[in-house]
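1. Sharing a sequence plus its predicted fold:
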Protein chains: 2
Amino acid sequence: MGKRGEELQAQVVDAMDRASGPLSAYDILAALRDLNPKIAPTTVYRALSALTDKGVIHRLESLNAYMLCQCAEDAHQAIMSICDDCGTVEETVAPDVLATMSKVIGKSGFEPSRHVVEVHGTCADCAPEQAGS
Amino acid sequence: MGKRGEELQAQVVDAMDRASGPLSAYDILAALRDLNPKIAPTTVYRALSALTDKGVIHRLESLNAYMLCQCAEDAHQAIMSICDDCGTVEETVAPDVLATMSKVIGKSGFEPSRHVVEVHGTCADCAPEQAGS
DNA sequence: TTGCACTGCGTTATAACATAACATATTAGG
DNA sequence: CCTAATATGTTATGTTATAACGCAGTGCAA
């Protein structure tokens, strides 16, 4: 009754927790295989799908990767800042920005349900160069 | 010297022009094979990459698909509204929204270079239901 | 207890998306 | 002509994701 999946999902969360950055589904698969060599992709994708629905993890569409949600809230939409240099991803919750966006595109009658907002660039640690002037 | 690729790119643009919605790389491959059965994926991806760089087409990260740019401008960043019902994609240019977003996430020192903004939902044609209160 | 439906999970296979690595061809310039 | 530089073709493979099917655990009612 939905109980059985929880151990598997916990293992996935655990693997992601140990990672410093986003993981691909197959990275996670490899991690789970350390515990149980017989795991198949399907199994991992099912767990990822469930965790994504719960809002525990986010999928990064532009990387085909997954990461733990960095805030404690349920099912929120976030802006993901992806450093193309070091791979770090930072999560920003800014409902007002998304609301503005919905409003702009809603002018044509479009009804938004899910926002994919991923900004690529360079994080503070990787861009010390332009500090002066 | 860069001339040779243009016919190929023109064929890709032509194929996308005939399509009503976004096409996957392999859809395009199939279309090009009607003209030249020996085309390989690599060839298509090279053309797509060149066209994307030029701003002639956009890649939809959350669909793994490509579509012609709907506006005439060069190399702009756009908000893509994707109807999950009929597959139609609408492009909205709203530099101010992206600028606001950059500003919000820039507080932590992040330097944006590329925005991936894709909003899934239902377009006006596919959501006639909620018209009356 | 038995039978049954529901749901989650395992297993196998394959589909869909993308790139690496190397060979060949075209062009420009010495 | 020879060579370098770059674009393209070709083959193979890597990576990401899902379809299709079967089995196992659970809850429920006869």
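-> Right, received. Where do you want to start?
2. C-alpha only now, for contacts and for neighbours.
-> Noted.
3. Most proximal residue of chain A with respect to DNA strand D?
-> Closest contact between chain A and DNA strand D, by Cα to the nearest atom of the strand, is at residue A:42 (3.9 Å).
4. quick check, that residue in a strand?
-> No - according to DSSP: H, G, I helix; E, B strand; the rest coil, residue A:42 belongs to no strand; its state is helix.
5. how many neighbours does it have?
-> 11 (other Cα atoms under 10 Å in any protein chain shown).
6. next one: residue A:48
-> Neighbours of residue A:48 (other Cα under 10 Å): 24.
7. same question, the one 5 residues further on
-> Under the neighbour criterion other Cα under 10 Å, residue A:53 is assigned a count of 13.
8. Surely it is within a helix?
-> Yes - under three-state DSSP, residue A:53 falls within a helix.
9. Next secondary structure element downstream of the helix or strand containing residue A:46?
-> Per DSSP states H and E, residue A:46 falls inside helix A:41-54. Using DSSP H and E, the next helix or strand after helix A:41-54 towards the C-terminus is strand A:57-60.
10. what packs against that following strand?
-> With contacts taken as 3 or more Cα pairs under 8 Å, 6 or more residues apart in numbering or on different chains; DSSP states H and E, strand A:57-60 sits against helix A:41-54, strand A:65-68.
11. out of the ones you listed, deepest packed?
-> With neighbours defined as mean count of other Cα atoms under 10 Å in any protein chain shown, the helices and strands packed on strand A:57-60 peak in mean count at strand A:65-68, which reaches a mean of 21.
12. Residues in contact with it: which ones?
-> With contacts defined as Cα atoms under 8 Å, 6 or more residues apart in numbering or on different chains, strand A:65-68 is touched by A:13, A:16-17, A:21-25, A:56-60.
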